[in-house]
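Visitor: Turn this into a model:
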Amino acid sequence: MDDLIRDAESLLGKTGVSEGVDRRDFLKAAIGTGFAAAALPVAAQTVIKTDTAGLTAGVIQINVNGQNVPVYRAQPEGKTNLPVILVISEIFGLHEHIADVARRFAKQGYLALAPDLFIRQGDPTRVTSIAELQKGIIANTPDAQVFTDLDAVVAWAKANGGNADKIAITGFCWGGRITWLYAAHNPSIKAGVAWYGRLMGDSTPNFPRHPIDVAGTLTVPVLGLYGGKDTGISQESIEVMKAALAKGPNKSTFVIYPNSGHAFHADYRASYVEADAKDGWGRTLAWFRQNGVL
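Guide: Numbers count the residues shown, from 1 in each chain. Just a heads-up that it's a prediction; the model follows:
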């Protein structure tokens, strides 16, 4: 965890979060147009920039029990009956990198949906320290709330051009953990790809279960993409997870990148490892094809 905290503090400093960027205004301005390239400081550091040519892209609002949840939507323009991919962010929330990942999936033929799952708890772009982010937002975002929001996003997708039989999920770090758990929660999910999501942890009211707790009963195939140098997620914990999965009906598997640490896919951070990120992306697309999503 220490390396993640150091990376996160470095990122927050580099991207000027303390300068008062208003993500809510940013999201409002982005509706119907997609994210502007320089709308957030992190965007200027993003290596991969995917345009919206041929896409319908922008922010929609999905009402969940009276709360409007912003969701970045990207899909091939004018197409219906599309495979659906839920894109779950890191602790830094819905920003340009996550939107770009959604557009990458849309270019592959997906209806990609990236929800702002921290909308009730606060705005990660305005937090000045990783400790405040963890304590004020992450710790107060219950898994049950996340699942309810994602259930609503899935329902919206089914009613708005998504193929109900072809729904997948992928997520990064915090979102990687959610990927494992939501694959066990919603029977509509056909496959998942978890990028360096935590596998174990203490049980609390907000986080009653972790991926290791659902491994034995998980039926959805999940591909885990993890870094061999990730000091926050031990190789021992991955081996324990593998053993737990092997006891159930699951066909999940792991790929370990020995030269990468945490967040090797995040092309707006110093942790980015281009070769492994590209390999992981190719494996992600192949995994979804292999499991009948695309």
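Visitor: what residue lies at the spatial centre of the protein?
Guide: I88 (2.1 Å; CA atoms, centre = their mean).
Visitor: what's it sitting at in phi/psi?
Guide: I88 adopts backbone torsions of phi -110, psi 130, taken as degrees, to the nearest 10.
Visitor: My guess is it contacts G171. True?
Guide: Yes. Using CB atoms under 8 Å, I88 is in contact with G171, at 3.1 Å. C-beta: built from backbone N, CA, C; applies to glycine.
Visitor: intersection of neighbour lists for those two?
Guide: I178, T179 (CB atoms under 8 Å, 6 or more residues apart in numbering).
Visitor: ok, which stretches of the stretch 101-250 of the chain are strands?
Guide: Assigned by DSSP state E, counting those that start in this stretch, the stretch 101-250 of the chain shows strands spanning 111-115, 162-172, 189-195, 222-227.
Visitor: Any chance of TSV for those strands, columns mean pLDDT, distance to A286 and mean neighbour count?
Guide: What follows is these, written out as TSV (pLDDT from 0 to 100; distance: least, CB to CB, whole Å; neighbours: other CB atoms under 10 Å):
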stretch	mean pLDDT	distance to A286	mean neighbour count
strand 111-115	98	17	28
strand 162-172	98	12	23
strand 189-195	98	10	26
strand 222-227	98	9	26
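Visitor: Which one, of these, ends up nearest to V47?
Guide: strand 162-172 (15.1 Å; CB to CB).
Visitor: Quick one: name whatever helix or strand follows the helix or strand where Q61 lies.
Guide: Per DSSP states H and E: Q61 is located in strand 55-64. Moving toward the C-terminus from strand 55-64, the next helix or strand (DSSP H and E) is strand 67-76.
Visitor: so what secondary structure elements neighbour that next one?
Guide: Packing partners of strand 67-76 (3 or more CB pairs under 8 Å, 6 or more residues apart in numbering; DSSP states H and E): strand 55-64, strand 82-88, helix 96-107, strand 111-115, helix 143-159.
Visitor: of all these, which lies closest to H262?
Guide: Closest to H262 of the helices and strands packed on strand 67-76 is helix 96-107 (CB to CB; 15.0 Å).
Visitor: got the angle between the closest one and strand 82-88?
Guide: Relative orientation of helix 96-107 and strand 82-88, computed by axes from the mean of the first three to the mean of the last three CA atoms, to 10 degrees: 160 degrees.
Visitor: Remind me what helix 96-107 packs against, helices and strands.
Guide: Contacts defined by 3+ CB pairs under 8 Å, 6+ apart place helix 96-107 against strand 55-64, strand 67-76, strand 82-88, strand 111-115.
Visitor: any idea how far the first one is from the chain center?
Guide: Shown here is strand 55-64, whose average C-alpha point lies 16 Å from the average C-alpha point of the whole chain (CA atoms, centre = their mean, to the nearest Å).
Visitor: who does it pair up with?
Guide: strand 67-76 (antiparallel) (DSSP bridges).
Visitor: Quick one: mean pLDDT over the strand it pairs with.
Guide: The pLDDT scores in strand 67-76 average 98.
Visitor: Kindly report the same for stretch 82-94.
Guide: Stretch 82-94 carries an average pLDDT of 96.
Visitor: now do stretch 136-155
Guide: pLDDT averaged over stretch 136-155 gives 97.
Visitor: OK, contacts around the residue nearest to V220 when sequence neighbours are not counted?
Guide: Among residues not flanking V220 along the chain, A183 sits closest, at 4.0 Å (CB to CB, 6 or more residues apart in numbering). For A183, the contact set (CB under 8 Å, 6+ apart) comprises I169, I189, A191, G192, L218, V220, V222.
Visitor: so the fourth one bridges to which residues?
Guide: When bridges are assigned using DSSP bridges, the partners listed for G192 are I169, V222.
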